[in-house]
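> with the sequence up front, the predicted model follows.
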Amino acid sequence: MNAPVDVSFFARAAKPLTSYRPYWAKRFGVAPFLPMSRAEMEQLGWDSCDIVLVTGDAYIDHPSFGMAVIGRVLEAQGFRVGIIAQPDWQSAEPFKALGKPNLFWGVTAGNMDSMINRYTADRKIRSDDAYTPGDVGGKRPDRAAIVYSQRCREAYKDVPIVLGGIEGSLRRIAHYDYWSDKVRRSIVVDAKCDLLLYGNAERALVEVAHRIAAREPIEHITDVRGTAFVRRPGDPTAEGWIELDSSEVDQSGHVEDHINPYLTTSEQAQAQGQSCSKEGDQPPLPLAGEGRGEGSPDYKPITIHRPQGAGGVARLPRERTVIRLPSYEQVKSDAVLYAHANRVLHLETNPGNARALVQAHGEGATARDVWINPPPIPLTTAEMDWAFDLPYARSPHPAYADEHGRHDGATKIPAWEMIRFSVNIMRGCFGGCTFCSITEHEGRIIQSRSEESIIKEVEDIRDKVDGFTGVISDLGGPTANMYRLGCRSPAIEAACRKPSCVYPGICQNLTTNHDPLIRIYRRARALRGIKKILIGSGLRYDLAVKSPEYVKELVQHHVGGYLKIAPEHTEGGPLSKMMKPGIGSYDRFKTMFEKYSEEAGKKQFLIPYFIAAHPGTSDEDMMNLAIWLKKNGFRADQVQTFYPSPMATATAMYHTSLNPLKGVHRDERAEKVDIVRGDKRRRLHKAFLRYHDPNNWPLLREALKTMGRADLIGNGKHHLIPTFQPMTDGGYQSARRKNSTAGGVKSSEGAAAVVKSTSANPVSSRKGQILTQHTGLPPRAGVKAKRR
């Protein structure tokens with residue numbers, strides 16, 4: 001059974017969110033929506049805002065959107081909170097819309113990193129933005145957190161700026177920036193914010209808000225977990241810390257053996273393969289205490305001090321220890337030190353044992369340190385319930401409504417549509433996938449809501465959300481099936497420094513009991529008015545196979561025809577760099593999926609996702625993946641290309657060509673990583689995933705011949721691509737239609753039969769019939785597909 005969430009050391013180490021005395025402005029009550037204009041403030045009886053939040057997203061008052069959660073949490077603490085959403089950043093005037101904040105600015109780029117939101121993995125500008133009314137792109141600047149912070153400072157320069165959100169979390173130290181292809185400084189330096197809150201920031205933000213409200217200068221707030229800030233040399237607040245210098249990488253070389261002072265001269269010589277005989281013309285080695293001549297040191301015994309009663313070497317107090325990382329100037333010019341800094345950062349992510357980090361930026365008069373406190377203590381189940389049970393309106397702000405007062409027309413916000421009828425049941429992920437940023441932002445500790453809180457939200461959706469048809473689109477989170485999973489021992493959990501609990505295999509200390517999740521599924525689907533509960537979050541199938549009952553429950557009741565999972569690859573090389581399980585785990589899950597689908601009399605399909613061009617992926621790896629795809633009847637349309645997000649371990653591999661997972665060295669011990677660079681090679685890896693697209697056949701033929709695999713070119717079933725080349729238009733139809741590339745000529749029938757990943761059985765297409773773009777399922781018998 002799982003250890004109760006609230007008995008771990010995390011629950012005892014932090015002040016509860018609900019224990020603070022409310023700020024005096026709580027008398028104004030709860031706002032139906034946090035105000036976005038002066039008129040709304042007046043309706044609420046406010047003359048000013050205590051805190052003004054600035055965000056790159058449209059304001060949607062829903063617990064799936066970070067700014068709504070932060071706003072409602074602060075409101076529950078008694079503060080008057082206003083929101084400036086997607087302001088025009090060309091001047092500071094739009095940032096004055098709500099007046100001067102009494103306490104501080106809260107700034108975020110939004111739910112997504114602004115650069116990832118704006119650019120594709122190939123650095124092409126996106127034409128859409130799912131967090132904007134009408135799905136319109138270009139409503140936020142590049143590096144929005146920096147731009148917004150600068151405009152806030154320009155608007156009211158004496159008001160403190162507190163920066164948060166995922167864009168800040170992923171840039172808290174010097175980091176590789178994929179879009180400019182260089183190492184950039186910490187965002188704390190570039191944004192000139194007073195304080196950065198990284199990760200899920202409710203706990204840190206509530207404490208900071210109350211301390212600023214108590215008139216404590218923000219520059220004195222240096223002891224809050226989950227924060228980063230700038231310290232100048234000689235700052236008195238840094239006194240009392242023990243610094244460990246990790247700014248260099250050890251280099252191998254000759255190590256002199258220590259002299260044993262208890263051996264005789266002849267024994268010492270014999271141990272070194274020498275003789276003390278006069279005939280050897282070797283001077284006798286000195287005994288302990290004897291000098292070797294003028295200025296020569298004496299040899300003395302080495303003494304290891306052990307404290308009274310201690311079982312090991314005396315350790316420094318972790319709560320007062322700070323690790324000095326290589327400076328910005330060092331990691332900018334030295335790939336080995338960049339990889340080393342990334343490795344140290346990821347080792348210091350467990351709230352139970354992480355130490356503070358410090359990184360120097362600048363030299364001389366501009367020298368300052370970016371100081372990063374240990375990660376925040378995760379929320380308890382009671383605190384998660386409290387945050388999710390706050391009075392959210394569960395809809396976009398009325399300012400976004402169309403002429404009919406609705407949000408499902410021309411002003412529809414796609415991100416809201418996606419989660420409109422879904423429920424977030426947990427936070428965090430202990431998978432540790434190197435290409436993913438969840439660990440850097442939310443951490444590995446799973447924070448779960450209670451069953452009662454989740455069921456209450458399902459009932460609220462049923463009773464209060466306009467347009468609900470009886471189908472809950474998701475009960476999930478970062479992953480579908482990590483709810484209430486965690487370490488069996490709080491002591492082990494507090495001491496663990498592993499980057500993943502499930503790689504290279506599932507840790508023996510990890511609970512894999514899915515019973516609490518099964519109970520929620522069954523209780524939720526039994527509610528009056530609920531027709532179907534779907535699971536839309538990605539499934540961790542290597543965990544799911546540990547609970548056949550869970551797989552049966554999921555497959556027979558909660559799959560809407562297809563289920564998405566992410567094996568990411570089939571080959572061991574790239575999988576080891578991703579820290580993902582082997583394809584054997586997928587095969588075991590697939591067997592169970594098909595068995596339980598057949599028992600239920602349902603024809604259902606797995607939708608696997610794969611990544612192209614990930615560090616550690618060779619051309620041969622992609623070729624083998626393409627062969628596997630064809631053998632299993634998959635035709636992938638929604639192709640994912642590796643996207644180097646700031647601070648991820650895979651990004652460090654991409655930038656340095658080194659593997660930080662294996663240790664960082666300057667000699668032959670360092671593991672080199674094959675990096676897919678350049679447009680041509682990235683196109684080749686994507687082409688292997690879309691081996692069925694005639695537009696890719698010329699590139700694949702050339703590559704296969706170069707690789708010595710011309711045997712895969714032919715017109716038989718065992719060949720990967722044919723010898724003939726039909727007329728194609730060069731176009732590409734993406735699942736996100738606005739990102740598709742239009743061709744100049746109408747495609748041939750072969751080019752039109754492009755589909756998303758489909759069933760494990762090959763599906764043949766007939767003229768006028770294609771596999772649906774939306775679901776990736778085969779067309780229904782006797783129904784012709786509509787032509788676009």
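Yep, it's here.
> show me where the stretch 351-500 of the chain dips below the pLDDT cut-off.
Scanning the stretch 351-500 of the chain for pLDDT under 70 picks out no residues.
> next: the stretch 601-750 of the chain.
If you take pLDDT under 70 as the line, the stretch 601-750 of the chain has these spans: 729-750.
> try 50 this time
734-737, 739-750 (pLDDT under 50).
> how about the stretch 1-150 of the chain?
Looking at the stretch 1-150 of the chain by pLDDT under 50, you get 1-9, 11.
> do the same with the stretch 201-350 of the chain
Applying pLDDT under 50 to the stretch 201-350 of the chain flags the ranges 278-314.
> need the strands for it, in chain order.
For the stretch 201-350 of the chain, strands defined by DSSP state E, counting those that start in this stretch occupy the ranges 227-231, 242-245, 321-324.
> please identify the deepest-packed of these.
Comparing the strands of the stretch 201-350 of the chain by mean neighbour count (mean count of other C-beta atoms under 10 Å), strand 227-231 comes out on top with a mean of 21. For the C-beta atoms, the positions are set from N, CA and C on the backbone; glycine is no exception.
> just how off-centre is that strand within its chain?
Counting by C-alpha atoms, centre = their mean, to the nearest Å, strand 227-231 is centred 22 Å from the centre of its parent chain.
> ok, that strand: who's next to it in the sheet?
According to DSSP bridges, strand 227-231 forms sheet pairs with strand 195-197 (antiparallel), strand 368-372 (antiparallel).
> which residues sit against the helix or strand just after the longest one?
Sequence-wise, the next helix or strand beyond strand 368-372 is helix 381-388, with elements assigned using DSSP states H and E. If you take C-beta atoms under 8 Å, 6 or more residues apart in numbering as the criterion, helix 381-388 is touched by 5-6, 16-18, 63, 69, 72-73, 76, 202-203, 379, 424, 427, 447-450, 452-453, 457.
> gap between helix 381-388 and the chain center?
Distance, centroid of helix 381-388 to centroid of chain: 22 Å (C-alpha atoms, centre = their mean).
> and the contacts of whichever helix or strand comes after that helix?
Per DSSP H and E, the first helix or strand lying C-terminal to helix 381-388 is strand 395-396. The contact list for strand 395-396 (C-beta under 8 Å, 6+ apart) reads 58, 59, 60, 61, 62, 133, 407, 413, 416, 465, 466.
> among the contacts of helix 381-388, name the ones in strands.
Among the contacts of helix 381-388, the members falling in strands (DSSP state E) are 424, 427, 447, 448.
> any idea what the third one is bridged to?
For residue 447, the beta-bridge partners are residue 427 (DSSP bridges).
> could you list every residue that touches it?
Contact analysis of residue 447 by C-beta under 8 Å, 6+ apart lists 5, 200, 378, 379, 380, 381, 384, 426, 427, 428.
> how about the fourth one: what's its closest non-neighbour residue?
It refers to residue 379. Nearest non-adjacent residue to residue 379, counting by C-beta to C-beta, 6 or more residues apart in numbering: residue 447, 5.1 Å away.
> for residue 383, see how far away the one you found is.
Distance of residue 447 to residue 383, computed by C-beta to C-beta, to the nearest Å: 8 Å.
> one more: residue 549?
Separation of residue 549 from residue 383 (C-beta to C-beta) stands at 30 Å.
> go on, residue 513?
Residue 513 is 23 Å from residue 383, by C-beta to C-beta.
> show me which of those two is the more surrounded one.
Comparing residue 513 with residue 383 by other C-beta atoms under 10 Å, the one with more neighbours is residue 383, at 22 against 14.
> now residue 250: how far from residue 161?
Counting by C-beta to C-beta, the separation of residue 250 from residue 161 is 39 Å.
> also residue 653?
For residue 653 relative to residue 161 (C-beta to C-beta), the value is 33 Å.
> likewise for residue 32?
Applying C-beta to C-beta to residue 32 and residue 161 gives a distance of 28 Å.
> which of these two has more residues huddled nearby?
Under the neighbour definition other C-beta under 10 Å, residue 32 and residue 161 were set side by side, and residue 161 has more, 24 against 13.
> among the contacts of strand 395-396, name the buried ones.
58, 59, 60, 61, 62, 133, 407, 413, 416 (16 or more other C-beta atoms under 10 Å).
> mind checking the longest helix of the protein?
In the chain, taking DSSP state H as the definition, the longest helix is helix 583-599.
> got the CA coordinates for it in CSV?
Extracted C-alpha coordinates of helix 583-599, given in CSV (Å, rounded to 0.1, in the frame of the first residue of the first chain):
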residue,chain,number,x,y,z
ILE,A,583,10.3,-1.4,-26.7
GLY,A,584,9.7,-4.7,-24.8
SER,A,585,7.6,-2.7,-22.3
TYR,A,586,5.4,-1.4,-25.1
ASP,A,587,5.0,-4.9,-26.5
ARG,A,588,3.8,-6.2,-23.1
PHE,A,589,1.3,-3.4,-22.7
LYS,A,590,0.1,-3.9,-26.3
THR,A,591,-0.6,-7.5,-25.6
MET,A,592,-2.7,-6.6,-22.5
PHE,A,593,-4.4,-3.8,-24.4
GLU,A,594,-5.5,-6.1,-27.2
LYS,A,595,-6.6,-8.8,-24.8
TYR,A,596,-8.8,-6.6,-22.7
SER,A,597,-10.2,-4.8,-25.7
GLU,A,598,-11.2,-8.2,-27.2
GLU,A,599,-12.8,-9.3,-23.9
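> after that helix comes which helix or strand?
Sequence-wise, the next helix or strand downstream of helix 583-599 (DSSP H and E) is strand 605-612.
> so what touches the very next helix or strand once past that following strand?
Counting by DSSP H and E, the next helix or strand C-terminal to strand 605-612 is helix 619-631. Contact with helix 619-631 is made by 569-571, 573-574, 583, 610, 612, 635-636, 681, 684-685, 688-689, 691-692, 703-704, 707, 709, 712, 720, as judged by C-beta under 8 Å, 6+ apart.
> in helices, which of the residues you listed fall?
Checking the contacts of helix 619-631 against DSSP H, those in helices are 573, 574, 583, 681, 684, 685, 688, 689, 703, 704.
> list only buried entries from those residues.
Judged by 16+ other C-beta under 10 Å, buried ones among the ones in helices among the contacts of helix 619-631: 573, 574, 583, 681, 684, 685, 688, 689, 703, 704.
> how about those in JSON lines, adding distance to residue 388?
Below are these laid out as JSON lines (distance: C-beta to C-beta, whole Å):
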{"residue": "573", "distance to residue 388": "41"}
{"residue": "574", "distance to residue 388": "37"}
{"residue": "583", "distance to residue 388": "37"}
{"residue": "681", "distance to residue 388": "45"}
{"residue": "684", "distance to residue 388": "45"}
{"residue": "685", "distance to residue 388": "40"}
{"residue": "688", "distance to residue 388": "43"}
{"residue": "689", "distance to residue 388": "38"}
{"residue": "703", "distance to residue 388": "50"}
{"residue": "704", "distance to residue 388": "52"}
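> understood, closing this out.
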